[in-house]
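1. Give me the fold of what follows.
(chains A and B)
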Amino acid sequence: MSALRLISNRTSQQALSNSDYTWEYEYYEYGPVSFEGLKAHKYSIVIGFWVGLAVFVIFMFFVLTLLTKTGAPHQDNADPSEKRFRMNSFVADFGRPLESERVFSRQIAEESRSLFHFSINEVEHLDKAKQSQKGSGLESNIHFHEVPRSSGMFEEDLNCLTKFNIPNFVNTEQNSSLGEDDLLISEPPIILESKSIMQSSHRILD
Amino acid sequence: ENISDFSLNITDCTQVVVPEEVFFTVAAAGILENLLVLIAVVRNKNLHLPMYFFICSLAISDMLGSLYKTLENIFIILCKMGYLTRRGDFEKKLDDAMDSMFILSLLGSIFSLLAIAADRYITIFYALRYHNIMTLRRALVILAIIWTFCAGSSIAIALFSYEAATVIPFTILFPLMMFFILCLYVHMFLLARSHAKKIASLPTSTVHQRTNMKGAITLTIFLGVFLCCWAPFVLHILLAKFCPHNPYCACYMSIFHVNGTLIMCNAIIDPMIFAFRSPELRSTFKKMFCCAR
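-> Residues are numbered from 1 along each chain as shown, chains lettered A, B, ... in the order given. The predicted structure is shown next:
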């Protein structure tokens, strides 16, 4: 008896939800749908849709992977301290703390603003002196990361930014005469300019 | 009711029913999570930034979607228990209001994602002028415009929901926005790649390059989750408009409740891939829970 009631409850629930479905989408009332003479499987749209969606997402993933390949020649450097000397092609990481943030994290002030900050960081190791002597050891992370920081630390970060010609990229929109080669060749003077840009952005921040 | 019973043969595609417990659990989880994000952003002064306001807007639209599904289920239960009639005027108006809430949620999600992508784009391409371009006031104005537009369109779509003129723009808007967001992110990736190339070709650097897939994975997750959760429903609307009598379409429409559950899963996943990635927000959460204990 209870089993029968369960079944009848179930069908009534189904019928109710069906008729509720009918009520909410009135056009479904027009008539019964006949399921005779189907050539393909009845769930073919469902299967086709999900397969198509999966294929599209995988295709998008491969396209993006290809885009993230920098394509520069692979140079093997047999250096044991690979942490310092390795350069990642790029890490686009929205909001996750990266190794560079560990460098800056000591200077995080409580009341500082959080920045959603795209930075191409030349993260020199903590003992910067050693690195500059060695003349190598760039770890460059291109990442989105959000770091609460004091204005002093932003200055340091901005220093890194400007070294990598971010202002020129900003200006590239208007000044198309700056080709990519120009940016590389004119690197030293840009570092001199960077200080003035730093000051102006300080003013903007404060 | 007779008609729907008549169409229910054993070989037919019967409605795939999601158990109510699953429905309510998923909906409740979505609402709670997004509410937490909102509370965290409101309480922490550090998070009063344009970026977080856009994330909040996404959280609100996700909450609305879950809320809609919860209310609809409660509605159906009330109908089952007989407290509400199925053809009354009041119920029809309530149903229209709920439909417009749902469409508001979908439009709000799309435009919030667009706003987040545009904000990141400006952060990258106009890095030093970002604070001038995207001030707090401008962000609030943008959000106000977005939500007013979404509210207006959702009411219009709900009122005229069975006209082709509303269904078609609605279904075109969806892939168009996705494509636009994809283009923004791809452009950002290309810039990052050219920067990396430049750094690699600096004379002082000895480099060891490898492909880093994190960016591709992150972006695929963003867009993949949104597509997989919302596209089934959008297809349902299309099929319901244009081929309700076709058996194949009817079979697709029988999994409507599964599609609804997917939308609520989107509300659960979105905070994880947007809000919880920010360390500041995570630390705010920890503080909130540690203080509660």
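2. what does the helix or strand in which residue B:251 is found contact?
-> Applying DSSP states H and E as the criterion places residue B:251 in helix B:247-253. Residues outside helix B:247-253 that contact it (C-beta atoms under 8 Å, 6 or more residues apart in numbering or on different chains): A:33-35, A:38, A:40, A:42-46, A:49, B:12-13, B:235-236, B:239-240, B:242-244. Bear in mind the C-beta positions are built from the backbone N, C-alpha and C, glycine included.
3. Just checking the helix or strand hosting residue B:120 against chain A, any contact.
-> Using DSSP H and E, residue B:120 maps to helix B:89-125. Yes - applying C-beta under 8 Å from any C-beta of the partner chain, one finds helix B:89-125 in contact with chain A at B:95, B:119-120, B:123-125.
4. would JSON lines of those with neighbour count and pLDDT be doable?
-> Formatted as JSON lines, the residues of helix B:89-125 next to chain A follow (neighbours: other C-beta atoms under 10 Å in any protein chain shown; pLDDT from 0 to 100):
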{"residue": "B:95", "neighbour count": "17", "pLDDT": "79"}
{"residue": "B:119", "neighbour count": "21", "pLDDT": "90"}
{"residue": "B:120", "neighbour count": "21", "pLDDT": "88"}
{"residue": "B:123", "neighbour count": "22", "pLDDT": "87"}
{"residue": "B:124", "neighbour count": "24", "pLDDT": "84"}
{"residue": "B:125", "neighbour count": "19", "pLDDT": "84"}
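5. can you map out the helices along chain B?
-> Along chain B, the stretches classed as helices by DSSP state H are B:2-7, B:20-43, B:50-81, B:89-125, B:130-133, B:136-159, B:164-200, B:214-242, B:247-253, B:256-273, B:279-292.
6. any idea which of the ones you listed is most buried?
-> Mean neighbour count (mean count of other C-beta atoms under 10 Å in any protein chain shown) peaks for helix B:247-253 among those, with a mean of 23.
7. Pass me the low-pLDDT residue ranges in chain B, would you?
-> Scanning chain B for pLDDT under 70 picks out the ranges B:1-12, B:86-87, B:161-165, B:204-213, B:292-293.
8. Nearest residue to the middle of it?
-> By C-alpha atoms, centre = their mean, chain B has its centre lying nearest to residue B:109, at 3.8 Å.
9. OK, contacts around it?
-> Contacts of residue B:109 by C-beta under 8 Å, 6+ apart are B:58, B:61-62, B:65, B:226, B:230, B:266, B:270.
10. Check which residues of stretch A:49-65 are buried.
-> By 16 or more other C-beta atoms under 10 Å in any protein chain shown, the buried positions in stretch A:49-65 come out as A:49, A:53, A:57, A:60-61, A:64-65.
11. Now, those that are in helices?
-> Per DSSP H, the subset of those in helices is A:49, A:53, A:57, A:60-61, A:64-65.
12. Residue B:57: what's it in contact with?
-> B:108, B:111-112, B:115, B:143, B:146-147 are the contacts of residue B:57 under C-beta under 8 Å, 6+ apart.
13. again, only using 6 Å
-> For residue B:57, the contacting residues are B:112, B:143, by C-beta atoms under 6 Å, 6 or more residues apart in numbering or on different chains.
14. again, but for residue B:216
-> A:61, A:64-65, A:68.
15. run the last query once more with 10 Å
-> Residues near residue B:216 by C-beta atoms under 10 Å, 6 or more residues apart in numbering or on different chains: A:60-69, A:92, B:189.
16. Leaving out the residues flanking it, which one is nearest to it?
-> Residue nearest to residue B:216 in three dimensions, not counting chain neighbours: residue A:64, with 3.7 Å by C-beta to C-beta, 6 or more residues apart in numbering or on different chains.
17. Could you report the separation of residue A:56 from chain B?
-> 8 Å (C-beta to the nearest C-beta, to the nearest Å).
18. Would you mind confirming that that residue makes contact with residue B:224?
-> Yes - the criterion here is C-beta atoms under 10 Å, and residue A:56 meets it with residue B:224 at 8.9 Å.
19. my guess is residue B:129 contacts residue B:122, does it?
-> Yes - assessed by C-beta under 10 Å, residue B:129 is found in contact with residue B:122 at 8.5 Å.
20. And whichever residue of chain B sits closest to chain A, how far from residue B:21?
-> In chain B, the residue that lies nearest chain A is residue B:215 (3.0 Å; C-beta to the nearest C-beta). Distance from residue B:215 to residue B:21, counting by C-beta to C-beta, to the nearest Å: 39 Å.
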